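> here's my sequence, what's the structure:
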Amino acid sequence: MTGKQLKNSILQWAIQGKLVPQDPNDEPASVLLEKIRAEKARLVKEGKIKRDKKESIIYRGEDNSYYEKFADGKVVCIDDEIPFEIPDNWCFARLGCVCDYLHRGKSPKYGVEQVLPIIAQKCNQWDKIYTDRCLFSNLSFIDKYTEEQYLQKGDIIINSTGGGTVGRTGIIEDYIFEKYPKFVADSHVTVVRGNILLTPRYIYYYLISPNIQTGIEERCSGSTNQIELGTSTVYNYLIPVPPYKEQLRINELMQVILQKVEKYGREQEKLENLSKLLPIHLKKSILQEAIQGRLVPQEPNDEPASELLQRIKEEKKRLVKEGKLKKKDVIDSTIFRGDDNKYFEKKGKETVCIDEEIPFEIPDTWAWVRLSDVVQVNPKNDVQDNTLAAFIPMERIDATYLSSFTYSERKWGDIKSGFTHFADGDVAFAKITPCFQNRKSMILKGLPNGVGAGTTELKVLRPYAETIDREYLLFFLESSYFVEEATFKGTANQQRIISGYMENKLFPLPPLSEQRRIAEKIKESYKRIGL
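Sure thing, here's the model as predicted:
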């Protein structure tokens, strides 16, 4: 159960008379309501409030049905309106009948002088009323407000206009008046001021209960974009009225409980966030363990990575001989560990220490390589012009494209120029933000005739001589080591990884058999954590 669900349950118990026990010595609510009517009559006589022409009395008849009697003597059965059963010493009443004042605020005229703050809907939030968000009345307009329109401690304000905010309820407390002595509400806020014999805090709990808040927008009028919670709707809310002393007991217990519920809600929210983040963190950890050689045990009978590098060199020589690879593009480096246990890189005749570049230790049967030394980057396809191939336009490079892989078929001659080439088994990733950070990468499969072309916003990698397992390479490209260390260039709206980042990235190369075991172990681990 979430904190919000628990809070709603407790509020509902409170207004149904289930939160605190009833005391037979309490003066019943029926007597309380008679006193409220007498008090209102006195205030009307003194000219302090206006006579309520809609005043009614709700009672239970001998047939156990609920009836409402109006000032003109009319009586109607309201059984269909009764939301739930209440204790015998409670009564139902129309909210407006137990309030001294229930009206919308006044449509203001704003000014710059900070004398009379106006509470608008943006000020009234669920956690508190933010007076620092108030605008101010024009000085010449202040005289338009009557005394009853000034907000008082204990007034309840309800946001009454617009989907998403309508029904949001706050209570005027002492802190509101810390900086300014007077406040008014604007015309999008309904002010509910209870009678002195009905505690404001209990009314507040009633108005924020699920009995009122659930489906509140459906009870509004107006268009979808500008719905209105009518004052008459608020007036006609059926409020279950407890004896006065029980109201006090409810209020006292609610203030204690809600503090604990709010704390529970915060902790529960932290737990939910942790639950959401945990699979992400576990995924990062799994990938990091994988590329460091810690996810599966090493097998002494595996062909070491050094043998894979030898086959890659032979493959490059063959491709150069066949004219499919230019000799000037074959700049191999050899990374090795010296007698002093430091790492060195040899390129041609030059050897430099790269110990500071090495990010972590790897098993002895593995090898450090530059990624571009073991894969072809954005290779070209040698295909007949009339061959049907897959074409991926620029706008397809998004989450949908990279996960579901949609394409159109075109003749190779029409798409071979000006686009990135790929073939079945190639591994590709997006080099633009935010797709790169979101690990938008894939193994290209199921292409018509095994080839395709498309957006230049992809980096396409083609391993040499079947020496790198495609899934292991894909997982490497999704690792934090590869993704989170990248730097970018370009405009704020669209950036790309800098040229050479991927090509020069140090790649931990395991034996081929171990690469496959790692890939299987990663997939197995993902299933266990629900990825």
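> how about the helices in this structure?
Taking DSSP state H as the test, the helices found in the chain are 3-15, 29-45, 200-208, 210-213, 231-235, 244-291, 305-321, 371-374, 399-404, 412-415, 470-478, 480-483, 501-504, 512-528.
> so which of these comes closest to residue 149?
helix 231-235 (14.0 Å; C-beta to C-beta). C-beta: built from backbone N, CA, C; applies to glycine.
> on that earlier part again, worst average pLDDT in the helices of the chain?
For those, mean pLDDT drops lowest on helix 399-404, to a mean of 49.
> check contacts around the closest residue to residue 467 other than its chain neighbours.
Closest residue in space to residue 467, ignoring its immediate chain neighbours: residue 308 at 4.2 Å, by C-beta to C-beta, 6 or more residues apart in numbering. Neighbour list for residue 308: 367, 374, 467, 468, 509, 511, 512 [criterion: C-beta atoms under 8 Å, 6 or more residues apart in numbering].
> picking up where we left off before, redo the helices of the chain as a markdown table? Include distance to residue 162.
What follows is those, written out as a markdown table (distance: least, C-beta to C-beta, whole Å):
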| stretch | distance to residue 162 |
| --- | --- |
| helix 3-15 | 21 |
| helix 29-45 | 32 |
| helix 200-208 | 18 |
| helix 210-213 | 15 |
| helix 231-235 | 15 |
| helix 244-291 | 26 |
| helix 305-321 | 64 |
| helix 371-374 | 54 |
| helix 399-404 | 32 |
| helix 412-415 | 51 |
| helix 470-478 | 43 |
| helix 480-483 | 41 |
| helix 501-504 | 48 |
| helix 512-528 | 43 |
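> for these, which one sits closest to residue 136?
Closest among these, once you apply C-beta to C-beta, is helix 231-235, at 25.0 Å.
> buried residues, stretch 290-301. List them.
Buried positions in stretch 290-301, judged by neighbour count with 16 or more other C-beta atoms under 10 Å: 290, 291, 292, 293, 295, 296, 298.
> re the thing from before, most neighbours among the contacts of residue 308, which one is it?
residue 509 (28 neighbours; other C-beta atoms under 10 Å).
> mind checking how far residue 295 is from residue 183?
Residue 295 sits 63 Å away from residue 183, going by C-beta to C-beta, to the nearest Å.
> do the same with residue 258
25 Å.
> and these two? Which one has more around it.
Shown here are residue 258 and residue 183; by other C-beta under 10 Å, residue 183 has more neighbours (22 against 16).
> tell me the pLDDT at residue 443?
Listed pLDDT for residue 443 reads 89.
> now residue 225
So residue 225 comes in at 68 (pLDDT).
> which one is residue 75 nearest to, not counting chain neighbours?
Computed as C-beta to C-beta, 6+ apart, the closest residue to residue 75 that is not its neighbour in sequence is residue 69, at 4.8 Å.
> the one you found touches residue 55, doesn't it?
No - in this structure, residue 69 is not within contact of residue 55 by C-beta atoms under 8 Å, at 9.9 Å.
> so the two - more neighbours on which side?
More crowded of residue 69 and residue 55, by other C-beta under 10 Å: residue 55, with 17 against 14.
> confidence score at the more buried one?
92.
> same question for residue 397.
Residue 397 is assigned a predicted lDDT (pLDDT) of 52.
> which parts of stretch 40-47 are buried?
Those would be 40, 43, for stretch 40-47 by 16+ other C-beta under 10 Å.
> how far away is the nearest residue to residue 284 once chain neighbours are set aside from residue 362?
Leaving aside its sequence neighbours, residue 284 sits nearest to residue 480 (C-beta to C-beta, 6+ apart; 5.0 Å). As judged by C-beta to C-beta, residue 480 and residue 362 stand 16 Å apart.
> looking at these two, which is more packed in?
For residue 480 versus residue 362, neighbours defined as other C-beta under 10 Å are more numerous around residue 362 (19 against 14).
> my read is that the more buried one contacts residue 292, right?
Yes - between residue 362 and residue 292 there is a contact at 6.4 Å, judged by C-beta under 8 Å.
> any common contacting residues for those two?
By C-beta under 8 Å, 6+ apart, the residues touching both residue 362 and residue 292 are residue 508.
> against residue 115, how distant is residue 122?
20 Å.
> correction: the previous question concerned residue 247.
In terms of C-beta to C-beta, residue 247 sits 36 Å off from residue 115.
> between those two, tell me which one has more neighbours.
residue 247 (23 against 13).
> residue contacts, that one?
Residue 247 neighbours (C-beta under 8 Å, 6+ apart): 198, 199, 201, 202.
> same thing with residue 468?
308, 374, 375, 509, 512, 515 are the contacts of residue 468 under C-beta under 8 Å, 6+ apart.
> got the domain ranges for this protein?
Following automatic domain parsing, one gets these domains for the chain: 3-265, 305-528.
> can you list these in TSV and add distance to residue 277?
Shown next, in TSV, are the domains of the chain (distance: least, C-beta to C-beta, whole Å):
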stretch	distance to residue 277
domain 3-265	18
domain 305-528	14
